[in-house]
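Student: what follows is a predicted structure for the sequence shown.
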Amino acid sequence: MRLARLAIIVLSAILFSSAFRAQSAPAPANAPQKILRWGNGDEPQDLDPQIISGSVEHNLVRALFEGLVSTAPDDKGVLPGVAERWDISPDGLVYTFHLRADARWSNGDPVTADDFARSYKRMLTPALGADYAYMLFLLKGATDFNAGKTTDFSTVGVRAPDARTLILTLERPAPFLLEAMTHYSWFPVHLPTIEKFGAPDSRGASRWTRPGNLVGNGPFVLTEWKPNQIISVRRSPAYWDAATVKLDGIDFYPVTQPDTEERMYRAGQLDITYEMPPSKIAPYRRAPNSVLHLDPYCGVYFYRFNTARKPFDDVRVRRALALAIDRERLVKHVTLADERPAYTIVPPGVAGYEPAPDAALKADIAEARRLLAEAGYPNGKNFPKTDLLYNTLEKHRAVAEALQQMWRKNLGIEIGLHNQEWKVYLDSQKTTDFQIQRAGWIADYVDPHVFFDLWRTGGGNNNTNWGDPGYDKLLDAALDARTREERYATYQKMEKILLRDLPVMPIYFYTYARIISPRVKNFRTTFLDNYPWKYVDLEAK
């Protein structure tokens with residue numbers, strides 16, 4: 001039955017993709033160029049899919065690279081990508097991907113199974129220090145290889161018996177694997193190009209990701225990168241599904257201020273903004289034929305504590321800060337985009353998961369004051385100098401100032417505010433050079449596992465110095481569960497641990513508020529905001 005259902009799903013996906021290709025006709029030779037102008041929030045840290053870790057970078061690399069599977073434009077499951085089809089063993093442990101013959105790198109080289117195998121080896125190599133290496137820990141032997149317990153990559157569940165066959169063997173069943181593989185951590189990179197410009201496991205500003213050097217396998221190629229000004233990509237003639245691609249290119253603008261983006265839109269300089277100034281949401285809502293879009297977004301806005309630094313090595317202090325804020329007031333009067341207050345870790349609507357009824361935080365100022373006094377700081381007396389770090393964005397500043405005021409009023413403590421530009425902020429996050437840090441987590445795939453895998457002890461994106469052996473055991477046990485109900489019950493236990501120890505403090509669940517020009521066709525904000533670029537179209541002016 002599993003194989004029969006799989007055959008139906010794959011056949012439907014192929015027909016769906018073919019239908020999109022059939023709708024795309026070549027443009028007349030004298031037609032104006034369709035260049036989408038996209039507000040991208042900030043300057044990316046890099047364009048290496050195995051180094052990056054943010055949504056700013058995600059928007060770019062999914063234009064330049066493609067994995068074995070791709071996101072369906074209707075937000076329901078996956079479609080074939082580089083793999084034209086796949087088989088799954090009855091025990092759910094072995095996935096055999098059959099690569100399409102016409103998949104090409106932008107330099108004309110064929111995309112082979114060995115490209116994926118070598119890419120996964122690079123991703124898991126300890127020296128690279130990939131933040132998202134843990135995404136590949138689903139593979140048999142991957143954890144030990146990444147931890148340096150062995151240097152023999154043949155012990156990892158990755159085999160390429162021929163150029164068009166890739167066999168992945170899992171440590172334990174992962175029913176969300178195909179959805180997870182739409183994430184850039186599973187994308188291939190062109191190792192000959194990387195090796196041309198340096199060691200494959202080196203980090204930092206490598207020349208291989210620059211225009212004229214970068215070789216990708218996605219629908220677009222990199223043509224221009226002027227730091228803090230513009231990054232341009234243009235249609236790739238080598239892409240296997242080039243007939244489907246409707247845009248001639250995308251110009252990404254790293255604009256950090258939503259007010260600037262809104263003015264650029266009104267001046268005809270942007271088609272889609274990255275954010276929306278909270279103060280402009282109400283006027284745009286009231287406007288006839290409004291171009292404002294408010295959509296669900298699968299993520300949680302939170303503050304991360306450095307549990308190795310005083311005073312946040314004391315769970316009582318962390319809990320006091322978490323209980324002393326008014327989340328309802330925050331989303332009603334500050335963020336203004338229909339966000340929902342977050343008292344748990346996982347957003348509502350994630351694959352049917354519901355938190356345990358007794359797990360949620362509750363605002364309780366009296367208890368917060370009691371805990372702070374018990375920790376040695378009655379009415380905030382002698383509370384040490386503390387700074388909150390956030391990346392430069394007006395909304396983050398507004399949220400930080402609102403919480404700063406609540407903590408001052410309710411606990412008698414003073415929290416300083418410190419902002420950094422995106423790349424510097426990410427470096428501070430990775431080295432845990434902070435006391436409290438503004439953070440957000442957008443799911444990499446729609447399954448509750450993605451909100452729990454993040455907090456594994458020593459995980460690449462944990463960055464709290466917190467870990468719990470019991471939590472780690474439950475994380476593994478969840479994938480050994482025989483039913484979804486059993487798996488979700490395990491996640492409920494893990495959520496209780498997170499809300500007991502509070503290495504992070506949930507604040508609200510995201511929505512996505514932005515302007516989308518009526519000129520933009522065939523585009524919608526998906527739950528993960530990963531709508532495939534190749535289906536987007538643009539109406540001529």
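Tutor: Structure received. For clarity, every value in this text was computed on a predicted model and none was experimentally measured.

Student: and the nearest residue to I436 once chain neighbours are set aside, what element?
Tutor: In space, and not counting its chain neighbours, I436 is closest to L388: 4.5 Å by C-beta to C-beta, 6 or more residues apart in numbering. Every residue, glycine included, has its C-beta placed from N, CA and C. Taking DSSP states H and E as the definition, one finds L388 inside strand 386-391.

Student: and that strand, which strands flank it?
Tutor: strand 415-420 (parallel), strand 436-442 (parallel) (DSSP bridges).

Student: tell me the mean pLDDT over it?
Tutor: For strand 386-391, the per-residue pLDDT values average out at 97.

Student: over to stretch 60-80?
Tutor: 95.

Student: secondary structure of S119: a strand, I assume?
Tutor: No. Using DSSP: H, G, I helix; E, B strand; the rest coil, the secondary structure at S119 is helix, not a strand.

Student: for it, list the residues it contacts.
Tutor: Going by C-beta atoms under 8 Å, 6 or more residues apart in numbering, S119 touches Q50, F187, P188, V189, L191.

Student: so what pLDDT did it get?
Tutor: Reading off the confidence values, S119 has pLDDT 98.

Student: quick one: it and V94, what's the gap?
Tutor: With the distance defined as C-beta to C-beta, to the nearest Å, S119 ends up 20 Å from V94.

Student: swap in F176?
Tutor: For F176, the distance to V94 equals 16 Å [C-beta to C-beta].

Student: ok, now V215?
Tutor: As judged by C-beta to C-beta, V215 and V94 stand 30 Å apart.

Student: neighbour-wise, which of the two wins?
Tutor: The residue with the greater number of neighbours, taking V215 and V94 and applying other C-beta atoms under 10 Å, is V215; the counts read 22 against 16.

Student: got the angle between whatever helix or strand comes next after the strand holding L388 and strand 415-420?
Tutor: Past strand 386-391, heading to the C-terminal end, the next element that is a helix or strand (DSSP H and E) is helix 394-411. Angular relation of helix 394-411 and strand 415-420 on a 0 to 180 degree scale: 170 degrees, by axes from the mean of the first three to the mean of the last three C-alpha atoms, to 10 degrees.

Student: what does helix 394-411 contact?
Tutor: Surrounding helix 394-411, the residues in contact under the criterion C-beta under 8 Å, 6+ apart are 257-259, 275, 277-278, 301, 303, 320-321, 324-326, 330, 333-335, 365, 368-369, 372, 379-380, 388, 390, 413-415, 417, 419, 438, 507.

Student: may I see the buried residues of that helix?
Tutor: 394-396, 398-400, 402-404, 406-407, 410-411 (16 or more other C-beta atoms under 10 Å).

Student: export these to CSV and tack on pLDDT and distance to F145?
Tutor: Supplementary listing: the buried residues of helix 394-411 in CSV, determined by pLDDT from 0 to 100; distance: C-beta to C-beta, whole Å:
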residue, pLDDT, distance to F145
E394, 89, 43
K395, 93, 40
H396, 95, 37
A398, 96, 44
V399, 97, 40
A400, 98, 40
A402, 98, 45
L403, 98, 41
Q404, 98, 44
M406, 98, 46
W407, 98, 44
N410, 98, 48
L411, 98, 46
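
Student: N530: which of those is nearest?
Tutor: N530 has its nearest neighbour among those in K395, at 21.4 Å by C-beta to C-beta.

Student: ok, now how distant is that closest one from L294?
Tutor: Taken as C-beta to C-beta, the spacing of K395 relative to L294 amounts to 14 Å.

Student: which residues of the stretch 151-300 of the chain fall in helices?
Tutor: Assigned by DSSP state H, counting those that start in this stretch, the stretch 151-300 of the chain shows helices spanning 177-180, 191-197, 258-266, 278-286.

Student: what residues does the shortest one touch?
Tutor: Residues from elsewhere that reach helix 177-180 (C-beta under 8 Å, 6+ apart): 69, 77-78, 86, 95, 135, 138, 170, 174, 186, 444-447, 450.

Student: widest-spaced pair of these?
Tutor: W86 and V450 (21.0 Å).

Student: ok, the residue nearest to R438 when sequence neighbours are not counted to W208 distance?
Tutor: If you skip the residues right next to it in sequence, R438 has Y390 as its closest partner in space, 3.6 Å away by C-beta to C-beta, 6+ apart. According to C-beta to C-beta, Y390 stands 32 Å off from W208.

Student: also V450?
Tutor: Distance from V450 to W208, counting by C-beta to C-beta: 29 Å.

Student: mind listing what A174 touches?
Tutor: Contact analysis of A174 by C-beta under 8 Å, 6+ apart lists G92, L138, A180, H449, L479.

Student: need the helices for the stretch 1-150 of the chain, in chain order.
Tutor: The residue ranges that make up the helices of the stretch 1-150 of the chain, judged by DSSP H, counting those that start in this stretch, are 2-23, 55-64, 113-124, 142-146.

Student: state the mean pLDDT of the first one.
Tutor: Per-region confidence: helix 2-23 scores 38 on mean pLDDT.

Student: cool, and the last one?
Tutor: Per-residue pLDDT values over helix 142-146 give a mean of 97.

Student: what's the closest of the contacts of A174 to F197?
Tutor: Using C-beta to C-beta, A180 is the member of these that lies nearest F197, at 29.4 Å.
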